[in-house]
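Asker: Build me a model from this:
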Amino acid sequence: MSGMNTETRPEVLVERRGNAGLITLNRPKALNALSLGMIRALSAALLAWRDDPAVHVVAIRGSNKKGQPGTPESLFGGFCAGGDIRFFHQAVFAGDSALGDFFTEEYALNHLIHTYPKPYVAFMDGVVMGGGMGISQGAKLRIVTEHTKMAMPETNIGLFPDVGGGYFLSRCPGHAGEYLALTGDVIGAQEALDYGLADIQVEAARLPELWDALGRQAFASAAAAEAWITAQWTAGQTRPAKADSRIDGYFSLQRVKHIVDALEASPDPWAAKTAATLRKRSPLMLHVTLEQIRRARGMGLADDLRMERDMVHHCFHLRPGAASETVEGIRALAIDKDYKPQWNPVRIEDVKPGMAEAFFASPWTPETHPLRGLK
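Answerer: Numbering: from 1, shown residues only. Predicted coordinates for the structure are as follows:
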C-alpha cells in the first residue's frame, strides 16, 4: 500500500490513562493522513473502549513533524490532513480492492464517532482537513486553537466533501456549508466557531495541560466525565453559530452557474476571489457537491454516509482509471504536481443536466450496501 509507514513506530498510539482512552495520530511526516491501517487501529480502539466499563472518556490528537517522537514538542500542532490520496491513485491503477475497503471502513468509523456513547474529545490543533474532519466533527467536544487550519478541500482534487461532510456541512448556519464544500477554502478557529464546526477555542500552549487532566481525573461514569468537561472547559465558553449574510447571498442560489455568475458580477473583491477559486475546481464535482449538500440537509447521518459511499464508488468507477475526475485531480496535485488538472467538462457552463445525478444512483441494493448496518 502506498504511504505505508517504513519506520518502527506505529501510526496510531493508543494509551489507557486512568479512566481515559487516549489516541495520538502518529504519522507526522504525512500530516497524519489516514491510511487503511490507521482507520482499522482507530476503529479497534474505539470499539474496545466502548465496551470497557473502566473507560469513561476518549480523546484524540495529532503529532507534528517538528519535534522528536516522544518529546512534548512532537505532540499537538498537527491534527490530520485527510486520507492518503496517493494510495487512492495507486490502488485505482492496481485494481486494489482495498480502495473500496478504505471508504467503507472510514465511513463506518465516522459513524461510530458521531454515535459514540462516551464523551469523545477532539484536539483540533493545526491542519484539520478532509478525513481529519471526519474523525473530529462527531466529537462531543471539538477544541480549536490559534493554529487551526480547517477545510474540506475535496473539490480541489475532483472529489466531494465526504466522511459525513454532507451531514455536518449542511448543518452549518445559513449556506456556509455550500460555501465551504464548493470552494474548499481554509478557515481558522473564529470561523470554525461561527459555522458550528468547533465548540471552544483554547490557546495551543494549554493543550498538554488539558490532555493530561483527562488522564489524571477519576470519573465514576461517562456521564460524570461529560459533566466534568462541561463544568471545567466549556462553561461560559460556547456560543451559538451564526449565519453570514454575504455568503448566504451567493451560496443560497439554486445552481452552480447562478452562484458563479453572481460572484463574478459583484464589485466585492471577496466575491471575485471566491469566483476565481470556483473556476479552478472540477466543474463536474462542483455540481455533484452542491447536490450532495442540498440532499444531505434532509438526511440523517447513516443515510448521508450511505449516499456518500455510493458517490465515492462512482468517483472511481463511473469513468474508470485516468478518465476519473478524482484520479486526474490527485495526479495534478499530489503525483505529477503540475497543478494543472485537465477537467472534463472543462467549464462550469459545459456541465450538462444529468451528469451530476449519475453519482447518486446506488450500485448496490439496500440489502447488499456495504454500509447497510449503520443505524
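Asker: ok, residue 330 - contacts?
Answerer: Taking Cβ atoms under 8 Å, 6 or more residues apart in numbering, we find residue 330 in contact with 85, 86, 88, 89, 157, 158. Heads up, the C-betas are built off the backbone N, CA and C, glycines and all.
Asker: And the furthest pair within the residues you listed?
Answerer: 86 and 158 (14.8 Å; Cβ to Cβ).
Asker: These two: which has the busier surroundings?
Answerer: Neighbours per residue, other Cβ atoms under 10 Å: of residue 86 and residue 158, the larger number sits with residue 158, 26 against 16.
Asker: which residues in the protein form strands?
Answerer: Secondary structure of the chain, counting by DSSP state E: strands at 12-17, 20-25, 57-62, 120-124, 127-129, 141-144, 149-151, 200-201.
Asker: Give me the helices and strands touching the fifth one, please.
Answerer: Helices and strands touching strand 127-129, by 3 or more Cβ pairs under 8 Å, 6 or more residues apart in numbering; DSSP states H and E, are strand 149-151.
Asker: Same check on the first one?
Answerer: For strand 12-17, the contact count by 3+ Cβ pairs under 8 Å, 6+ apart identifies strand 20-25, helix 36-50, helix 207-216 as packing neighbours.
Asker: what helices or strands is the shortest one leaning on?
Answerer: With contacts taken as 3+ Cβ pairs under 8 Å, 6+ apart, strand 20-25 sits against strand 12-17, helix 36-50, strand 57-62, helix 207-216.
Asker: angle of that strand against strand 57-62?
Answerer: If you take axes from the mean of the first three to the mean of the last three Cα atoms, to 10 degrees, strand 20-25 sits at 20 degrees to strand 57-62.
Asker: and what of the longest one?
Answerer: What separates the directions of helix 36-50 and strand 57-62 is an angle of 160 degrees, with the same axes, to 10 degrees.
Asker: Show me the contact partners of helix 36-50.
Answerer: Contacts to helix 36-50, defined as Cβ under 8 Å, 6+ apart, come from residues 1, 4-5, 10-12, 14, 21, 23, 25, 27, 55, 58, 60, 84, 87, 98, 101-102, 105-106, 108-109, 112-113, 116-118, 135.
Asker: ditto for the first one
Answerer: Counting contacts by Cβ under 8 Å, 6+ apart, the residues outside strand 20-25 that touch it are 11-16, 32, 38, 42, 45-46, 49, 52, 55-63, 75, 79-80, 211, 214-215, 217.
Asker: List buried residues within these.
Answerer: Among the contacts of strand 20-25, those classed as buried by neighbour count (16 or more other Cβ atoms under 10 Å) are 11-14, 32, 38, 42, 45-46, 49, 55-63, 75, 79-80, 211, 214-215, 217.
Asker: Same question for stretch 316-336: list its buried residues.
Answerer: Neighbour count says stretch 316-336 has 316, 318-319, 324-333 buried, by 16+ other Cβ under 10 Å.
Asker: and if you look at stretch 30-38?
Answerer: Within stretch 30-38, the residues that count as buried by 16+ other Cβ under 10 Å are 30, 31, 32, 33, 34, 35, 36, 37, 38.
Asker: Was I right to think residue 13 contacts residue 26?
Answerer: Yes - between residue 13 and residue 26 there is a contact under Cβ atoms under 8 Å: 5.0 Å.
Asker: Put together JSON lines for the buried residues of stretch 30-38, with distance to residue 146 on each row.
Answerer: JSON lines is the format used below for those (distance: Cβ to Cβ, whole Å):
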{"residue": "30", "distance to residue 146": "24"}
{"residue": "31", "distance to residue 146": "18"}
{"residue": "32", "distance to residue 146": "19"}
{"residue": "33", "distance to residue 146": "23"}
{"residue": "34", "distance to residue 146": "25"}
{"residue": "35", "distance to residue 146": "29"}
{"residue": "36", "distance to residue 146": "33"}
{"residue": "37", "distance to residue 146": "32"}
{"residue": "38", "distance to residue 146": "27"}
